[in-house]
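Trainee: Need the 3D shape of this:
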Amino acid sequence: MAAMNQPLRKPYIIETKPLPERYARGWHCIGKADSFGCEPRAMNYFGSKWVAYRGEEGGQLYVVGSYCPHMGADLSRGKVCGNSLQCPFHHWSWGGDGVCDDIPYADRIPPKAVIPAMPVLEENGLAFVWHDPEGQPPIAEQRPRRNEDYFSGEWSDWKMAEFTIHSNCRELVDNMADMAHFGPVHYSQVQTFKNIQDGHTYTQVMTGGHDILADEGQGFTSVATYEGPAYMTTTMTGSMDGREVTTHLLVSHVPIDMENFVIRLGVMVRKDPSLSEAENAAMVDAYTQMSVDSFIQDVDIWNNKVRIDNPLMCDGDGPVHMLRKWYSQFYMDVAEIPAALTVHKEHETKIKPRRGQEQH
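Mentor: A predicted model of the protein is given here:
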């Protein structure tokens, strides 16, 4: 009876504030570079529709807004002529810089005839677009770093998988600091876990064991780095069939709108010189499938969780608040970013054995 007289404890109130429509400043990977050609491709990103195409003269990749301001036709239904995109409705022609360069039945092109155009970059076999809500050009020091392994001939090409997630993209980035989810979701036994913020980069360094990406009883090392808000690469050393396997993993997202995003998972594997080309290809396929199987475990969580602005943390959690503060810089005007969000800072999470896993 005494317990019934105890005052009721108030439940924790989850806060989820409405988000203003604003998309992160930075480079966003839109796929493998060789997947784009002279055929216009429609893309729905950043709350708008875009069209990507390669010019016929030199093969440069362009990304421009998909709607013609003349009468509203969809330019992704048009055709490439030289380095320009011709509207299917009245044949207005738009250059890769977004400027109208021809109207076949007019003597004068209106000065306002300009559509949106995004800066484009190709690096490491990948295609990127630069998005900036302030409309400023790319920041030079935030260019994605060149990965010499991709060009060495000693590694496989990227194998890519793509998913659409019905959530805000911050939920993905949280994984960099969320040490505690690796056990329940990914069957990993984390031994060391460190987060490092430095300017526009954020790195997770982890060691441990993995039931999918490493043979039983074998460990793995993982160094994952975000360069900007949306492009993350990981170098991981694990094992498969008794053989050490070193991989570069790509996890990169592009927001469709504020509540949906596309995520690309890429896998690149160091070839084993003792194996034939066919055997190496089979190894890459097998490791890619294992990586996808591991990643899909996150997808189910993201598609069914609620966004929480005030997560209730405990002493065994990683530095989620540190990560979110760092990530917020990409949603601010550049002039308003405080130094605390970009200064070098490290956090090492103390690993405690899970109940039932203590050593006896």
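Trainee: and the longest strand for the chain?
Mentor: strand 243-257 (DSSP state E).
Trainee: Go through that one and flag the buried ones.
Mentor: Neighbour-count burial for strand 243-257, counted by 16 or more other CB atoms under 10 Å, picks out 245, 247-256. Where you see a C-beta, it was placed from the backbone N, CA and C, and this is true even at glycine.
Trainee: One more: stretch 166-181?
Mentor: Quick answer for stretch 166-181 (16+ other CB under 10 Å): 167-181.
Trainee: pLDDT check: weakest of the residues you listed?
Mentor: Minimum pLDDT for the buried residues of stretch 166-181 is recorded at residue 181 (84).
Trainee: Would you agree it is in contact with residue 175?
Mentor: Yes. Contact status for residue 181 versus residue 175: in contact at 7.1 Å, counting by CB atoms under 8 Å.
Trainee: Could you give the bridge partners of the residue most central in space within the chain?
Mentor: Centroid check for the chain by CA atoms, centre = their mean gives residue 252 as the closest residue, at 1.8 Å. Judged by DSSP bridges, the bridge partners of residue 252 are residue 231, residue 264.
Trainee: swap in residue 226?
Mentor: When bridges are called by DSSP bridges, residue 226 pairs up with residue 202, residue 232.
Trainee: Residue 27 too?
Mentor: Here residue 27 sits in beta bridges with residue 130, as judged by DSSP bridges.
Trainee: Report the contact partners of it.
Mentor: When contacts are counted by CB atoms under 8 Å, 6 or more residues apart in numbering, residue 27 touches 121, 128-130, 138, 142-144, 227-228, 230-231.
Trainee: where do the helices sit along the stretch 151-300 of the chain?
Mentor: Along the stretch 151-300 of the chain, counting by DSSP state H, counting those that start in this stretch, helices occupy 170-173, 182-186, 277-302.
Trainee: and the ones you listed, which one's lowest on average pLDDT?
Mentor: Lowest mean pLDDT of these: helix 182-186, a mean of 73.
Trainee: Now that helix - C-alpha only, CSV.
Mentor: Provided in CSV are the C-alpha atoms of helix 182-186 (Å, rounded to 0.1, in the frame of the first residue of the first chain):
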residue,chain,number,x,y,z
PHE,A,182,26.3,-0.4,-32.7
GLY,A,183,25.6,-3.4,-30.4
PRO,A,184,21.8,-3.7,-30.7
VAL,A,185,21.5,-2.7,-34.3
HIS,A,186,24.8,-3.8,-36.0
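Trainee: And it, what does it pack against?
Mentor: Applying 3 or more CB pairs under 8 Å, 6 or more residues apart in numbering; DSSP states H and E, we find helix 182-186 packed against strand 188-198, strand 201-210, helix 277-302.
Trainee: Export the ones you listed as TSV, with columns for mean neighbour count and distance to residue 338.
Mentor: Converted to TSV, the helices and strands packed on helix 182-186 look like this (neighbours: other CB atoms under 10 Å; distance: least, CB to CB, whole Å):
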stretch	mean neighbour count	distance to residue 338
strand 188-198	19	13
strand 201-210	20	16
helix 277-302	16	29
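Trainee: got JSON lines for these, with distance to residue 52 too?
Mentor: Formatted as JSON lines, those follow (distance: least, CB to CB, whole Å):
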{"stretch": "strand 188-198", "distance to residue 52": "32"}
{"stretch": "strand 201-210", "distance to residue 52": "27"}
{"stretch": "helix 277-302", "distance to residue 52": "25"}
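Trainee: Of those, which is nearest residue 47?
Mentor: helix 277-302 (19.6 Å; CB to CB).
Trainee: Now do the end-to-end distance for stretch 60-74.
Mentor: 21 Å (CA to CA, to the nearest Å).
Trainee: Look up the closest residue to residue 189, ignoring the ones flanking it.
Mentor: Excluding the flanking residues, the one nearest residue 189 by CB to CB, 6 or more residues apart in numbering is residue 209, at 4.2 Å.
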